[in-house]
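# Generate a structure from the sequence data that follows.
(one chain, ligands or ions: 1)
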Amino acid sequence: MSDGASGRYQAAYDRSLSDPEGFWLDAARDIDWINPPRRALDDANPPFYRWFPDARLNTCFNALDRHVIGGRADQTALIYDSPVTDTRATFTYAELLDLVGRAAGILQNLGVEKGDRVVIYLPMIPEAVISMLACARIGAVHSVVFGGFAPAELAARIDDARPKVVITASCGVERSRVVPYKPLVDDAIRQARHRPEYVVVVQRPQAEADMGERDIDWASAMRPGTVAPAGCVPVAATDPLYILYTSGTTGHPKGIVRDNGGHAVALRWSMTNVFGLQPGEVWFTASDVGWVVGHSYIVYAPLLTGCTTVLYEGKPVGTPDASAFWRVVESYGAAAMFTAPTAFRAIKKEDPDGTLLAGRDLSRLRSLFLAGERLDPDTWQWATDRLGVPVVDNWWQTETGWPIAANLVGLQQMPIKPGSATMPVPGYDVQVLDDQGRPAEAGQEGAVCVRLPLPPGTLTTLWGDDERYRASYLSAFEGYYLSGDGGYRDDDGYVFVMGRTDDVINVAGHRLSTGALEAAIAEHPAVAECAVIGVADPVKGQVPRGLVVLKSTGDAAQVDEQVVREELLDLVRRQVGAIASLQRVDVVVALPKTRSGKILRRTMRQVADGESPATPSTIEDPSVLDDLAEVLRS
Ligand SMILES: CCC(=O)SCCNC(=O)CCNC(=O)[C@H](O)C(C)(C)COP(=O)(O)OP(=O)(O)OC[C@H]1O[C@@H](n2cnc3c(N)ncnc32)[C@H](O)[C@@H]1OP(=O)(O)O
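The predicted model follows:
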């Protein structure tokens, strides 16, 4: 081990694995409990572990009420900064508590009770934060769906979560267009088998929505005096706080279940020990509340810590230019910022010399954190040179909810190695395993796994599907959580994560299933077979590319290939969403497959990325791959 992995970090890490009870019961002291935990881990039913099994709390109380009671009533809790609507607003802890209490009261009046689900399909507006906390306040389970998903994807989530209420807005505002959300919700409910009882609508002036019988106007319902604020409903630490859907290898999304108690303890601990933030400081995460980074580090962790959090409705470039982030950091005196590498690649492309930083006072910024996809060394170097603060890569997933590997600047900053997320975070016993499940040598690539039990705050199961949870994550290697990412650890124990080992792709930090994109393409009547692969892109990391084989008989045989290509691009946008837009579609004669019929997507991706992979020994017909090489490399 290098000096970097000694001292405070190593002591905390070792204790977290040798004495998880003591470690996490100590961390739990930073949370206000109704019944404090006497035990940390319940391991009576492996592989289903539960944290703080005898404790009760309310997550919203910890995020709001206790700060108001404890003297932060007049401190800004939330800053809303929206360059796309030219709006800025601030909410103190007392104001946010008042709004959340009223929103929770509305939900209760609509019959939402502890354990009921509420789907939230909102853009980056304060009502998104208010709605999440309102659910937490009454013990309801929220499921936020990213606004870039199309109605069919929203419908799949509605059918799985079976919400009593959907909360939406009349529209979202993108860089160059207004996206009406309400018609998308109406369409999704038409497509879904489950019928939510009510849709609560935040009307925005950029595009007002038509209201129907089941629709409730947010502003009228929230008017002071109209609704009694709801109090905090006690829940078990093991009760679900939220479901967040993520892409798996098939088209059917996986509902990650997060509990209340483990989540509150882990996020509060991470905010100070991983990210180095203290109560009262300003924190800026540029992501979306529809992703786990938004859940954990726009909403819950900063508010559980008593920080001020920035909710930014804009882009890194184009709203209005590549100085947008610097303006926000300067305006609010952010102590740290968190975003995805793709955002920095976009800024670097627009302003390679960082000229737009000139004259900006970023003196309060101590660190920049980047996660959501691999941080390439070039982008790390560019950000480090321009900002002059530690640029900290951290690796984690929707499933874990908080970092698995990071440079823990709050606990002990370690030397940075570009391309590495640094060391495993306390609580995570990270192991790289070879095909046979044996520990890989230092420097040898393998499957990045975490020995069970996972620490508090990580997924407890998949919503309504324990068996899929087991099959997806726990069956590859007995006693380990399979992350789905490949990578290695070097001689110093540093973790290098290189990318997915399955058919999940990462486009601009958005995790997408090639299966979902292929399902959309397969709906076209002229398509006989198809494959989607993620190919390297200098800004978005990866972009999806389609390869289709057309039917050779019947009406479909007469189609114009160019027309089909355009229809397929449109079909994917309509079925999955704009974030999944195919970079291009090629019509090919055949797709390379194994003798058992599995399409060789990984091999095609490697060829498309300019690599020369060995032809797999299981290939059915090597000439198919040879014939495709030119198309893939084009
Ligand atoms: C560690 C755990 C995790 O991994 S959690 C996931 C972390 N990932 C992230 O935080 C995502 C980071 N990426 C981003 O924030 C964006 O991609 C950034 C970098 C800002 C670029 O945004 P943008 O230029 O819009 O490109 P994009 O590829 O995201 O979008 C493509 C098309 O989709 C649209 N879109 C996007 N968001 C929405 C939305 N909320 N509602 C409606 N539409 C949306 C965009 O407008 C864009 O459309 P178009 O193709 O231009 O017509």
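
# all strands in the stretch 101-250 of the chain, in order from the N-terminus.
117-121, 141-144, 165-169, 171-173, 178-180, 198-202, 215-217, 235-236, 240-246 (DSSP state E, counting those that start in this stretch).

# following the last one, which helix or strand shows up next?
Tracing the chain past strand 240-246, the next element assigned as helix or strand by DSSP states H and E is strand 254-259.

# Other residues contacting that next one?
Outside of strand 254-259, the residues that reach it under the criterion CB atoms under 8 Å, 6 or more residues apart in numbering are 50-51, 143, 157, 160-161, 237-248, 292, 295, 398-399, 401, 457, 459-465, 468, 472. Yep, even glycine has a C-beta here, placed from its N, CA and C like the rest.

# anything in it near the ligand?
No. Using CB under 6 Å from any ligand atom, strand 254-259 stays clear of the ligand, with a minimum separation of 11.1 Å.

# What are the buried residues along that strand?
Going by neighbour count (16 or more other CB atoms under 10 Å), the buried part of strand 254-259 is 254, 255, 256, 257, 258, 259.

# What of stretch 587-603?
Using 16+ other CB under 10 Å as the test for burial, stretch 587-603 gives 587, 588, 590, 591, 592, 593, 599, 600, 601, 603.

# okay, those in CSV with pLDDT next?
Formatted as CSV, the entries for those read as follows, by pLDDT from 0 to 100:
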residue, pLDDT
587, 95
588, 95
590, 95
591, 96
592, 95
593, 94
599, 93
600, 93
601, 93
603, 93
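
# picking up where we left off before, show me which of the buried residues of strand 254-259 is closest to residue 187.
residue 255 (21.3 Å; CB to CB).

# Let me see the contact set for the residue nearest to the closest one when sequence neighbours are not counted.
Spatially, and ignoring its direct neighbours in sequence, residue 255 is nearest to residue 463 (3.1 Å; CB to CB, 6 or more residues apart in numbering). Residue 463 is in contact with 160, 161, 243, 255, 256, 257, counting by CB under 8 Å, 6+ apart.

# Looking at these, spot the one nearest the ligand.
Using CB to the nearest ligand atom, residue 256 comes nearest to the ligand of those, at 11.1 Å.

# which residues pair with the closest one across the strands?
Residue 256 has these beta-bridge partners by DSSP bridges: residue 244, residue 462.

# Provide a ChimeraX selection command restricted to the buried entries of the contacts of strand 254-259.
In ChimeraX syntax, the buried subset of the contacts of strand 254-259 is picked out as below (16+ other CB under 10 Å):
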select :50,51,143,157,160,161,237,238,239,240,241,242,243,244,245,246,247,248,292,295,398,399,401,457,459,460,461,462,463,465,468,472
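
# What about the ligand: which of the contacts of strand 254-259 touch it?
Near the ligand, by the rule CB under 6 Å from any ligand atom, you find 292, 398 out of the contacts of strand 254-259.

# List the residues that contact residue 146.
288, 290, 291, 510, 579.

# do residue 616 as well
594, 600, 603.

# Could you tell me which other helices and strands the host helix or strand of the last one packs against?
So the one you mean is residue 603. Secondary structure assignment for residue 603, by DSSP H and E: helix 601-608. Applying 3 or more CB pairs under 8 Å, 6 or more residues apart in numbering; DSSP states H and E, we find helix 601-608 packed against strand 527-537, helix 622-633.

# Which neighbouring elements make contact with the last one?
Contact partners of helix 622-633 among helices and strands, from 3+ CB pairs under 8 Å, 6+ apart: helix 601-608.

# Could you dump the contacts of residue 463 into JSON lines and include pLDDT?
What follows is the contacts of residue 463, written out as JSON lines (pLDDT from 0 to 100):
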{"residue": "160", "pLDDT": "97"}
{"residue": "161", "pLDDT": "98"}
{"residue": "243", "pLDDT": "98"}
{"residue": "255", "pLDDT": "98"}
{"residue": "256", "pLDDT": "98"}
{"residue": "257", "pLDDT": "98"}
